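Engineer: With the input below, show me the fold.
(2 chains)
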There are 2 protein chains.
Amino acid sequence: MAVATQSLQELCINSIRFLAIDAVEKAKSGHPGLPMGAAPMAFVLWDRFMRFNPKNPQWFNRDRFVLSAGHGCMLQYALLYLTGYDSVGLDDIKQFRQWGARTPGHPENFETPGVEVTTGPLGQGIANAVGLAMAEAHLAARFNKPDAAIVDHYTYAILGDGCNMEGVSGEACSLAGHLGLGKLIALYDDNHISIDGSTDISFTEDVAKRFEAYGWHVIHVENGNTDLDSIEKAIAEAKSVTDKPSFIKVTTTIGYGSPNKANTAGVHGAALGGEEIEATRKNLGWNHDPFEVPEDALAHFRKAVDRGAEAEQAWNASLDTYRSKYPEEAATFERMLKGELPQGWDADLPSFTPEDKGIATRKHSEATLNALAPNLPELVGGSADLTHSNLTELKCSGSFQKGTYENRNLRFGVREHGMGSICNGIALHNSGLIPYCATFLVFADYMRAAIRLSALSEAGVIYVMTHDSIALGEDGPTHQPVETIASLRAIPNLVVIRPADGNETSGAYKVAVQNRKRPTLIAFTRQNVPNLAASTADKVAKGAYIAADCEGTPEMLLIGTGSEVSLCLEAAEKLTAEGKKVRVISMPSWELFEEQDDAYRESVLPKAVTKRLVVEAATRFGWERYIGAEGDMVSVDTFGASAPGGTVMEKFGFTVDNVLAKAKAVLR
Amino acid sequence: MAVATQSLQELCINSIRFLAIDAVEKAKSGHPGLPMGAAPMAFVLWDRFMRFNPKNPQWFNRDRFVLSAGHGCMLQYALLYLTGYDSVGLDDIKQFRQWGARTPGHPENFETPGVEVTTGPLGQGIANAVGLAMAEAHLAARFNKPDAAIVDHYTYAILGDGCNMEGVSGEACSLAGHLGLGKLIALYDDNHISIDGSTDISFTEDVAKRFEAYGWHVIHVENGNTDLDSIEKAIAEAKSVTDKPSFIKVTTTIGYGSPNKANTAGVHGAALGGEEIEATRKNLGWNHDPFEVPEDALAHFRKAVDRGAEAEQAWNASLDTYRSKYPEEAATFERMLKGELPQGWDADLPSFTPEDKGIATRKHSEATLNALAPNLPELVGGSADLTHSNLTELKCSGSFQKGTYENRNLRFGVREHGMGSICNGIALHNSGLIPYCATFLVFADYMRAAIRLSALSEAGVIYVMTHDSIALGEDGPTHQPVETIASLRAIPNLVVIRPADGNETSGAYKVAVQNRKRPTLIAFTRQNVPNLAASTADKVAKGAYIAADCEGTPEMLLIGTGSEVSLCLEAAEKLTAEGKKVRVISMPSWELFEEQDDAYRESVLPKAVTKRLVVEAATRFGWERYIGAEGDMVSVDTFGASAPGGTVMEKFGFTVDNVLAKAKAVLR
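Structural biologist: Residues are numbered from 1 along each chain as shown, chains lettered A, B, ... in the order given. Here you go, the predicted structure:
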């Protein structure tokens, strides 16, 4: 390395460091330690390897970058600014962590173009990266031709000690190793410091060996602070290993350059303070004002703009060739990139009449998934090792494995949290793929942190959750959701649907597939349910509808969801026979119902009818919204019990007799 | 081995297998595969190593056994029956998975004496085992003397492929390796089959190598089906390694003995069926009726009763000696075992007046924990690497580490799920230890599956959750709980408390410490809040109380929790000045309030006063219960935003002016 070059590199790296230092200092809030320590690896990666177009952050074939250690977001904002993204200007950096700024406290894909996924909750970012790499592998296997690799990018992630301690990263990385995702390259910022101090107090495992055990190619850069050559060689080596993901352990010093705070937890999550910043400037020979980037450094970084434009241009040319040679594939590919659904995607959604045999809605889900799959090639997904319980296999495709990435059935293993985070990555690959994933409803708890991030980061994941109540029976209270549905309805921007029968199942998937900017969670029964007379797929989109009605104004409303709607209908019949005027409402989705206009809502749930009985085999929690002051509910407000499902339902009061009795009590 | 002995062993092992086979067959539900494959290792462990007293399942110094692969519970029920526990008779086994039976579909400590922890949700059992082993290590370090080891038992666990895929097991086992828990011995039922088929489809990592990386001593038993000697040697070797936990990979055949279903997923979770049972009987040379245990086998197993009585007797004798030599320590130890709190445990709980400086409730929490700790030696706990944010360090003790197990500050690392499960293990060690654990409230999502199991399994864990609203500010929506509190209030048997000030913090801990059969989750602010005039510690136990009142019957109720109570008080003052009759209610805990009698509830929240305004910086979800038809709420029903906390609160309407405006709108 020539001295001049070295000096320019140093300028570039210190530009990152001081933008982070200055932004955190101005905000009096944030995490300077990681950007200061990881700046060298980030610089080498972004400058010498990463392919991206700052002027078109959504260019499809860009390399994906995930800052799994999201608290270090100033690293990413600095890089976005320096390399010429329009989304982050110097003013944005000066407004770090302020109201309305595009530089929030953790990277948020929905706020800042150039940020691929939302990170901060530790461990999930690297799992998102596994999802991004799976999406790339899948699309490459589906669309590339021997003479045209239109899908061809790497996924890079920087993760820290915290990410590596979180179980979710282990889940996803074990799967990545199994799948041999050669284009996934993770850089581990091995700085030996977490918030509580040295990792010696709780984290002394051999991380590199663990990743070897997962089947990753592992490389160690011993001096990640100044040995740029070794970083460069490591990334080049990682790229050359095509049958395994690569894990580069880069040993660094947190807060590198700060004479008194480097290598301490003090630099992790707090501003350095004026005095220490001065000392750091002196120590690193930095003679620039706050937020000032030396011209040479900026000019060097900004070469990324031309480089990116050229890369995209070249790709566009190869896409042109592809289009002419493979028009059919190209049409599908480009349609997917636009996020458009294919014509007739919902043509084969099944519909049912009451004469059709009643089966479990999980079986309807299976049929519906398989009715969609041939028409909707972007649908990919699977289960956390409950394929034959969740019934999520796509018969038209095989198993997504090393060597068969073109297949659409993903095998997640017993790794719910990893599964959810991987699906967020697939959705946020923004290539039109529609990921679904499945487990028992109660195990939503294992992946709740990922479901929340689907909702927050606008990832249109479909959650297929079966065994949705105490009616699952013998597995008992550990497996029986009671409070789970309420806890999910509480999450903003998540659509929860609990279909009552086959038509509602079709409708639930219709909503879910169309929801590309928010996740949908569908809860299915283990047990059989009859098909309703009044249900249609389209009514689900309204959230609630009249499943049976009386003449004139009802005296009473019976409101049910899922498997309990038919119980309401049976009870209503008896009440009607006794001369009562009863309306039954099927309410598969609160969120969708609440989005309807006042007139529709009033037409279904008239405010004046205050005698109401809700029947749902779940907690009452939250239902007061619809029960009102004079209503009641047949609910489950304790944990369930182990016994055959029918027995459990009976013991908990889910019988026509009990519904009838409760309804009469309300009417009294 | 003599032939006779071998034959008796085979009888014993096959007794376990056929009890499992027959029980699952009768129930037409359950998981025979694991008991059939793991019977040999379980037999060797229970017969040759485990120390327990079937007639006193709660004998303190027993070895703990955790079936982390809880679906295989018939293995455990068979062992409990065969070794002579009164909790599981043959009738119970015949009633497997039936209503009211003590043999539910997964092991439940609160149903079946002899079952230590509730398992089934995979991966958590081994994490519970880490907690049990930590409890033992801690108590041994605290109470044992060179001449008296009154705390001296092993913790054994059997876990499967599913457990090993789950992230939570990795979190806990990494920590166990770090801590060098030499008396923790895990047997891995390595049968290569999970529900979806061969583990080849998703789980091909080198598990043994991963455990080596965690710092465990790893042993491989290649033939776990018939090579009992190797199993025995492995366990003996594991016991001889005292500075590391041991991981014994026991390669087995799932459903061993079934000619057509062994080594397939088909035998995992379904009855074998009459025909295959016959074939299995023939194959294993089993000529006994269903549920019939050969006398020799039963007699052999039942030797455990005398063995156990002797072991307990010997321990009682050593405890007598200990008591006479170390009366003070013995008094504490025996008090803890009885689950009694020490006299004066709450004597130093701080109290405050409005004149005391307003500080963050997380700081009150720190002061309260440290006021409790010296008086409450059983209080142990820590944070998931947020000690200095959660403020959970006990100043009177040091760090629980290898070699310093007597210390009470646990360092969990960034491992929330593992932390929760470990604390469940500590609580269910039933030795009087009171575990607490801490993270940011929003990350309750990472450990929700453990919190649920605390509630279900009656584990009195204290969850210390700080940064409890959007007011945490700059970290932004990934870190700001919005729906979190609602989602926790929805869990049965969990007490959620959101204290408003110092007195309520004292009261919250008072409730939590006394709740030894249910978990308590306390949500604390990051930001400062004033001390209220009306608050006292004791009022918290009532769940809600009048924080400020008017003369006569109020026109309106202002209901707040936590940091929003003071906002209600300020608004009420202005309303009062305008001649309105307003009552302010502080409502730290729904659950506790709902347990009060009607008269108390009516005295605080009169039904007739329907003009109500709730103020809580969280979702409205669930609050309709108290808002009623004519009320309203100042709530947060979208995700938050990154900005300084004060700004975020203002933008979301948490200002006196907005509360005032909303209150007036309700009064209109």
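Engineer: Now chain A against chain B: closest residue?
Structural biologist: Distances between chain A and chain B by CB to the nearest CB are smallest at residue A:167, namely 2.1 Å. Glycine gets a C-beta too; all of them are placed from N, C-alpha and C.
Engineer: Surely that residue touches residue A:417?
Structural biologist: Yes: checked against CB atoms under 8 Å, the pair residue A:167 and residue A:417 is within contact range at 6.8 Å.
Engineer: need the contact list for the residue nearest to the residue of chain A closest to chain B when sequence neighbours are not counted.
Structural biologist: Once flanking residues are discounted, residue A:167 sits nearest to residue B:167: 2.1 Å by CB to CB, 6 or more residues apart in numbering or on different chains. Taking CB atoms under 8 Å, 6 or more residues apart in numbering or on different chains as the criterion, residue B:167 is in contact with A:123, A:166, A:167, A:168, A:169, A:170, A:171, A:415, A:417, A:418, B:123, B:417.
Engineer: same thing but 7 Å
Structural biologist: Going by CB atoms under 7 Å, 6 or more residues apart in numbering or on different chains, residue B:167 touches A:167, A:168, A:170, A:171, A:415, A:417, A:418, B:417.
Engineer: Helices of the stretch 1-150 of chain A, start to end?
Structural biologist: Along the stretch 1-150 of chain A, the segments classed as helices by DSSP state H, counting those that start in this stretch run A:3-27, A:33-44, A:73-82, A:90-94, A:124-143.
Engineer: and residue A:412, how many residues sit next to it?
Structural biologist: 28 (other CB atoms under 10 Å in any protein chain shown).
Engineer: what about it, distance to residue A:424?
Structural biologist: In this view, residue A:412 and residue A:424 are 13 Å apart by CB to CB, to the nearest Å.
Engineer: and what of residue A:38?
Structural biologist: 23 Å.
Engineer: which of those two has more neighbours?
Structural biologist: Counting neighbours by other CB under 10 Å for residue A:38 and for residue A:424 shows that residue A:424 has the greater number, 32 against 29.
Engineer: Would you confirm that that one contacts residue A:453?
Structural biologist: Yes: in this structure, residue A:424 is within contact of residue A:453 by CB atoms under 7 Å, at 5.7 Å.
Engineer: rewinding a little: lowest mean pLDDT across the helices of the stretch 1-150 of chain A, which one is that?
Structural biologist: Confidence, taken as mean pLDDT, is least for helix A:3-27 of the helices of the stretch 1-150 of chain A (a mean of 89).
Engineer: Please compute how far that one lies from its chain's middle.
Structural biologist: 33 Å (CA atoms, centre = their mean, to the nearest Å).
Engineer: mean confidence score for the longest helix anywhere in chain A?
Structural biologist: Longest helix in chain A, counting residues (DSSP state H): helix A:295-325. The predicted model gives helix A:295-325 an average pLDDT of 98.
Engineer: how about that helix: buried residues?
Structural biologist: A:297-298, A:300-301, A:304, A:307-308, A:311-312, A:315, A:318-319, A:322-323 (16 or more other CB atoms under 10 Å in any protein chain shown).
Engineer: possible to save those residues as a markdown table with distance to chain B?
Structural biologist: Shown next, in a markdown table, are the buried residues of helix A:295-325 (distance: CB to the nearest CB, whole Å):
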| residue | distance to chain B |
| --- | --- |
| A:297 | 27 |
| A:298 | 26 |
| A:300 | 30 |
| A:301 | 25 |
| A:304 | 26 |
| A:307 | 31 |
| A:308 | 28 |
| A:311 | 31 |
| A:312 | 31 |
| A:315 | 32 |
| A:318 | 34 |
| A:319 | 34 |
| A:322 | 32 |
| A:323 | 36 |
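Engineer: Max pairwise distance over those residues: which two?
Structural biologist: Farthest pair in the buried residues of helix A:295-325 (CB to CB) is A:297 and A:323. Separation: 39.8 Å.
Engineer: need the residues of the stretch 101-250 of chain A near chain B, please.
Structural biologist: Residues of the stretch 101-250 of chain A found near chain B (CB under 7 Å from any CB of the partner chain) are A:104-106, A:118, A:120-122, A:162, A:165-168, A:170-171, A:174-175, A:177-178, A:194-196, A:201-206, A:209-210, A:212-215.
Engineer: For the residue most central in space within chain A, which non-adjacent residue is closest in space?
Structural biologist: When chain A is reduced to its mean C-alpha position, the closest residue under CA atoms, centre = their mean turns out to be residue A:424, at 2.6 Å. The spatially closest residue to residue A:424, leaving aside those adjacent along the chain, is residue A:459, at 4.5 Å (CB to CB, 6+ apart).
Engineer: what about the one you found, neighbour count?
Structural biologist: 31.
Engineer: try the one 4 residues further on
Structural biologist: Neighbourhood size, residue A:463 [other CB under 10 Å]: 30.
Engineer: and it, that's in a helix?
Structural biologist: No: Residue A:463 is assigned strand when assessed by DSSP: H, G, I helix; E, B strand; the rest coil, not a helix.
Engineer: Specify the beta-bridge partners of it.
Structural biologist: residue A:437, residue A:521 (DSSP bridges).
Engineer: Check residue A:359 too.
Structural biologist: residue A:529.
Engineer: ok, now how distant is it from residue A:365?
Structural biologist: 10 Å.
Engineer: what's the answer for residue A:505, then?
Structural biologist: 6 Å.
Engineer: Give me the more crowded residue out of those two.
Structural biologist: The neighbour count for residue A:505 versus residue A:365, taken as other CB under 10 Å, is higher for residue A:505 (30 against 27).
Engineer: surely that one meets residue A:363?
Structural biologist: No: contact status for residue A:505 versus residue A:363: not in contact, 9.0 Å apart, counting by CB under 7 Å.
Engineer: Report the residue spans of chain A with pLDDT below the cut-off.
Structural biologist: Residues of chain A meeting the criterion pLDDT under 70: A:1-6.
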